[in-house]
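S.K.: A structural model of the following input is requested.
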Amino acid sequence: MGYSSTAAAALASDAMLALLTERGPVYGSEGGNGLPSSNSWESDGRTYFAEQGRENEDGAVTGSVYRMLSDGRARRVGSYRVEPDGRVSRWASVSASDREAATAKGAEEFARLYTRPLVTVGLREGG
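M.R.: The predicted structure follows:
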C-alpha cells in the first residue's frame with residue numbers, strides 16, 4: 001500500500017520537487033547510478049532534500065526538509081505542507097513565488113488529467 005493523499009496535493013507536491021530539482025539537480029554519489037535525485041536540490045550553494053511524512057486524514061501531503069552538512073550528516077531545517085486542494089502552503093527554504101508556481105503547475109496538471117470537455121447531445125428534429 002502506498003501513501004494516500006488527494007490527487008491535487010500529490011500533483012502539487014510533484015510539481016514543487018520537479019521545479020526544485022530542475023533548477024539545482026543533485027546527482028547520485030560516486031559509485032551510484034549517476035542519475036539526478038528526485039527529492040534533492042541545490043540552492044544558494046547548499047544541498048537540500050525532502051522526506052515525505054506520515055499520511056494525513058485530510059489528504060494533505062506533509063514532510064520534512066533537510067540540509068546536507070559538510071561532514072555528510074543532514075540537519076532538519078523545516079517542514080512542508082501541501083493542502084488537500086493542491087495549495088503549497090509551506091515549504092522550508094523555498095520562496096513564496098516558487099510555492100505559488102508549484103501550486104499553479106499542480107492545478108494545471110490536475111485540470112489536464114481530470115477535467116473532461118462537456119459533451120452535448122443534440123436532439124433530432126421531430127424526434
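S.K.: what sits against the residue nearest to L19 when sequence neighbours are not counted?
M.R.: Using Cβ to Cβ, 6 or more residues apart in numbering and skipping residues adjacent in sequence, the residue nearest L19 is A102, 5.5 Å away. Every residue, glycine included, has its C-beta placed from N, CA and C. By Cβ atoms under 8 Å, 6 or more residues apart in numbering, the residues touching A102 are 12, 15-16, 19, 88, 91.
S.K.: ok, these vs G78, which is closest?
M.R.: Using Cβ to Cβ, W91 is the member of the contacts of A102 that sits closest to G78, with 8.1 Å.
S.K.: Beta-bridge partners for the closest one, please?
M.R.: Y80 (DSSP bridges).
S.K.: Quick one: distance of the lengthiest helix in the chain to the chain centre.
M.R.: Longest helix of the chain, by residue count under DSSP state H: helix 96-114. Put simply, helix 96-114 sits 9 Å off its chain's centre (Cα atoms, centre = their mean, to the nearest Å).
S.K.: May I see the buried residues of it?
M.R.: 98-99, 101-103, 105-107, 109-110 (16 or more other Cβ atoms under 10 Å).
S.K.: And stretch 87-95, what's buried?
M.R.: Within stretch 87-95, the residues scored as buried using 16+ other Cβ under 10 Å are 87-88, 91-94.
S.K.: related to what we said a few turns ago, which one of the buried residues of helix 96-114 is nearest to P117?
M.R.: For the buried residues of helix 96-114, the nearest to P117 is F110 (15.5 Å; Cβ to Cβ).
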